[in-house]
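sequence? don't have it. structure:
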């Protein structure tokens, strides 16, 4: 029997992609894996990260018996997508910020990218902007504190509205910015709270639906629901287990690396 579709992230951000997968592929069984012991990835050295991502994903693919892997993490996708495809025998789908659809949607031709410092600064982000938003003004905003706020939300704690307002403060001086890319998979989890904190209305764009659509195209014969859906974590906590259960992963287990 084919296995579930495995969603991987450094933390809970991939749960926003899980939501998109459930909307688009409601009958497909999912599994979740996160390397929360090493969160956040964005502050770590690239070479170390590649080795770590390979080790965690290989262990999670083996443990879950998955039919395909969704790397629901911009940092991991940027650094390790090709090594993962070379190492693993299952299809691997990556994540990139939704610059192209944001540029297509903007009426003012001024879009924003809300992402972690690592994503904001990486050359691949510059290439995305050059290739797909060359006629737009693109304002890049480093929003690392939002990762922790999303982790808090999934753990059952309310995000700090002052942190959200502080991150979005640069938009006060940018009234013509009409479209904002949520360039980290953690951020769509906070969309309602961000909408309350943003100083003027914007159109929100993220990669979740595109990733789910691609998964449906690439992963052949995944396991069907109902199925026992598992979560795999590198540092088990009760709060994380409760959070994963809220997204359908009622059984959370420790992921042991080789």
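Okay, I see it. Small disclaimer: the values here were computed from a predicted structure and weren't measured. Numbering: from 1, shown residues only.

Only C-alpha atoms from now on, for both contacts and neighbour counts.
OK.

Report all helices and strands that the lowest-mean-pLDDT helix or strand in the chain contacts.
Across the helices and strands of the chain, mean confidence by mean pLDDT, DSSP states H and E is lowest for helix 117-121: a mean of 87. Counting contacts by 3 or more Cα pairs under 8 Å, 6 or more residues apart in numbering; DSSP states H and E, helix 117-121 is packed against helix 74-87, strand 137-142.

chain center to that helix, what's the gap?
14 Å (Cα atoms, centre = their mean, to the nearest Å).

Next, count neighbours for residue 237.
Residue 237 has 14 neighbours, counted by other Cα atoms under 10 Å.

any idea how far residue 167 is from residue 173?
13 Å (Cα to Cα, to the nearest Å).

neighbour count winner among the two?
Counted by other Cα under 10 Å, residue 173 and residue 167 do not tie: residue 167 has more neighbours, with 20 against 9.

Can you tell me how far the more buried one is from residue 180?
13 Å.

roughly how far is stretch 235-252 from the heart of the chain?
Distance of stretch 235-252 from the chain centroid (Cα atoms, centre = their mean) equals 17 Å.

What lies in contact with that stretch?
With Cα atoms under 8 Å, 6 or more residues apart in numbering as the test, stretch 235-252 has contacts from 15, 18-19, 31-32, 35-37, 154-156, 229-233, 253-254.

What distance separates the opening and closing residues of it?
By Cα to Cα, the extent of stretch 235-252 from end to end equals 11 Å.

Likewise for stretch 151-165?
Per Cα to Cα, stretch 151-165 runs 17 Å from first to last residue.

Report the contact partners of residue 132.
Applying Cα under 8 Å, 6+ apart, one finds that residue 132 lies in contact with 99-100, 103.

Can you tell me how far it is from residue 181?
13 Å.

Report the set of residues contacting both of the two.
Counting by Cα under 8 Å, 6+ apart, the contacts common to residue 132 and residue 181 are residue 99.

Residue 58: neighbour count?
Counted with other Cα under 10 Å, the neighbours of residue 58 add up to 17.

My understanding was that it contacts residue 86; is that so?
No: using Cα atoms under 8 Å, residue 58 is not in contact with residue 86, being 11.4 Å away.

the domain parsing of this protein - what is it?
When the chain is parsed with automatic domain parsing, its domains come out as 5-95+209-254, 99-206.

ends of the last one, how far apart?
Pointing back at domain 99-206 there. For domain 99-206, the first and last residues are 9 Å from each other (Cα to Cα).

all helices of the chain, in order?
14-24, 46-64, 74-87, 99-105, 117-121, 123-132, 145-154, 161-168, 191-197, 208-218, 238-245 (DSSP state H).

Flag whichever of those helices has the least confidence on average.
Among the helices of the chain, helix 117-121 carries the lowest mean pLDDT, at a mean of 87.

Excluding covalently adjacent residues, which one is nearest to the most centrally placed residue in the chain?
Nearest to the mean C-alpha position of the chain, by Cα atoms, centre = their mean, lies residue 185 at 2.5 Å. Leaving aside its chain neighbours, residue 185 sits nearest to residue 13 (4.6 Å; criterion: Cα to Cα, 6 or more residues apart in numbering).

Surely that neighbour is in contact with residue 150?
Yes: using Cα under 8 Å, residue 13 is in contact with residue 150, at 7.4 Å.

Pull the contacting residues for the closest residue to residue 118 other than its chain neighbours.
Distance criterion Cα to Cα, 6+ apart; nearest residue to residue 118, sequence neighbours excluded, is residue 42 at 5.4 Å. Residues in contact with residue 42 (Cα under 8 Å, 6+ apart) are 75, 116-118.
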